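>>> predicted model and sequence below, questions to follow.
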Amino acid sequence: MTEAIEGGCRCGRVRYRVALDALPKAYACHCRDCQTWSGSAFSTQFILPEDQLEITGEPAVFELTSPISGRTSRQHGCPVCFTRVYNTNSIRPGVAVVRAGTLDRSDELTLVAHIWTKRKLGGIDIPAGAPSWDESAPPAEFIAALMR
Ligand SMILES: [Zn+2]
Ligand SMILES: [Zn+2]
């Protein structure tokens, strides 16, 4: 029997379960938006089809349309403790990007790729050989890096 893969916000109101057989491959995004959203050096994320993410606790949704790209992101977070849990984006319908640090088993994750490294903070070294990109990765290359 495989161990359930679950996660949630800091206060426990918003919880989720992912329909995966193994922990997902996580990556780091060092972009400015992720630094702002997380208040940290980078966000730690994983991707999965939205229909494989089962949410309980009614997250609050914050919708933001970029004036530059015209893309709309929908951020789903806890309305009580403000943990950002996952988002979707109009450019990738049906795909959820989950904040991997919200997984209960986040200590078992390995970062397998890094994007937007041109915004990376000093003091963070990317391991030699780890796939990384200055900005966002071409989708096919990125998926290949996550599948390795
Ligand atoms: Zn909460
Ligand atoms: Zn980012």
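That came in fine, so what should we check first? Ligands and ions are numbered 1, 2, ... in the order given.

>>> tell me how far the residue nearest the centre of the chain lies from residue 98.
By C-alpha atoms, centre = their mean, the chain has its centre lying nearest to residue 45, at 2.5 Å. Distance, residue 45 to residue 98, by C-beta to C-beta, to the nearest Å: 6 Å. The C-beta positions use only the backbone N, C-alpha and C, and glycine is treated the same way.

>>> buried stuff in the helix or strand encompassing the residue nearest to the centre of the chain?
Assigned by DSSP states H and E, residue 45 belongs to strand 43-49. Buried residues in strand 43-49, counting neighbours by 16 or more other C-beta atoms under 10 Å, are found at 43, 44, 45, 46, 47, 48.

>>> ditto for stretch 3-20
5, 7, 8, 9, 13, 14, 15, 16, 18.

>>> farthest-apart pair in these, please.
Farthest apart among these by C-beta to C-beta are 5 and 13. That separation is 19.2 Å.

>>> packing partners for the longest helix along the chain?
Within the chain, and with DSSP state H defining each element, the longest helix by residue count is helix 139-147. Helix 139-147 sits against strand 26-29, strand 111-115, with contacts defined as 3 or more C-beta pairs under 8 Å, 6 or more residues apart in numbering; DSSP states H and E.

>>> one more time with 7 Å
If contacts are counted by 3 or more C-beta pairs under 7 Å, 6 or more residues apart in numbering; DSSP states H and E, helix 139-147 sits against strand 111-115.
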